[in-house]
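Asks: Got a predicted structure plus its sequence, pasted below:
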Amino acid sequence: MLKRAQSLLFIAAIISSAALFNITGCAGAKTANGMQEGQTRFTAADLKKLRWIEGTWRGMGDQIDKPFFERYHFENDTTLVVESFSDETLSKVTEVTRYELRDGKFANWDGGARWAATRIDDSSATFEPVAGARNSFRWMKQSSNTWNAMLTWPATDTSPAKQRIYQMERFRSSQQ
């Protein structure tokens, strides 16, 4: 009788462990579009909270010796376009990234490195890596003419976690 009870407890433990593995394993499952299941869902109304980021910006950080230039604008209610320029003349676009709202997810869907928003409020937006990237980033409004971009990388076996902050200032070129 004791052996039978021990066997039943052993079987129950295995079933419980399998169920727990299934539950925790599915929590991080990715959908067909590469996004995490259970991820925050956004609407066009949520994206209106990001309108403060529209404009042309000059960025500087502690790890770079010269400024960089970017323009952020909403193409429509669900698409934010970010253009990077080669210099302050804004005459040559070097990169374009489109963040689009699709099925409740706000992300850049094309290209190698991809990120998706996990939080959007009136003064910030947080993005986590989805594919081809390790770092997360956060845009944080400071005033109507300044905001910070904070990039964070997790620790690896060979390097500690790191963080960089870039100060973005509203920029008006002579070309505008």
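Replies: Perfect, I can see it now.

Asks: Tell me where this structure has helices.
Replies: 2-27, 44-47 (DSSP state H).

Asks: got the contact list for the residue nearest the centre of the chain?
Replies: By CA atoms, centre = their mean, the mean C-alpha position of the chain lies nearest to residue 127, the distance being 1.7 Å. Shown in contact with residue 127 (CB atoms under 8 Å, 6 or more residues apart in numbering): 107, 115, 116, 117, 118, 136, 137, 138. In this view, the C-beta of every residue, glycine as well, is placed from N, C-alpha and C.

Asks: who does the nearest residue to it once chain neighbours are set aside bridge with?
Replies: Of all residues not flanking residue 127 in the chain, residue 115 sits nearest, at 4.0 Å (CB to CB, 6 or more residues apart in numbering). Partner residues in beta bridges with residue 115: residue 129, with DSSP bridges as the criterion.

Asks: Just give the number of residues close to the closest residue to residue 49 other than its chain neighbours.
Replies: What sits nearest to residue 49 in space, not counting adjacent residues and going by CB to CB, 6+ apart, is residue 122, at 5.0 Å. Other residues near residue 122 come to 10 when the count uses other CB atoms under 10 Å.

Asks: OK, contacts around residue 87?
Replies: With contact set as CB under 8 Å, 6+ apart, residue 87 has these partners: residue 69.

Asks: picking that back up, which one of the contacts of residue 127 sits closest to residue 77?
Replies: Looking at those and their distance to residue 77, the nearest is residue 117, at 15.1 Å (CB to CB).

Asks: Roughly how far does the closest one sit from residue 148?
Replies: Between residue 117 and residue 148 the distance is 17 Å, computed by CB to CB, to the nearest Å.

Asks: now residue 102
Replies: If you go by CB to CB, the gap between residue 102 and residue 148 works out to 27 Å.

Asks: If you count surrounding residues, which of these two has more?
Replies: residue 148 (16 against 12).

Asks: Which strand residues bridge the more buried one?
Replies: residue 140, residue 167.

Asks: Surely it is in contact with residue 140?
Replies: Yes: counting by CB atoms under 8 Å, residue 148 touches residue 140, with 4.7 Å between them.

Asks: Flag the shaky bits of this protein, pLDDT-wise.
Replies: Applying pLDDT under 70 to the chain picks out residues 1-39, 174-176.

Asks: One more pass at 90, please.
Replies: Using pLDDT under 90 as the threshold, the predicted model of the chain has low-confidence ranges 1-40, 62-65, 110-112, 172-176.
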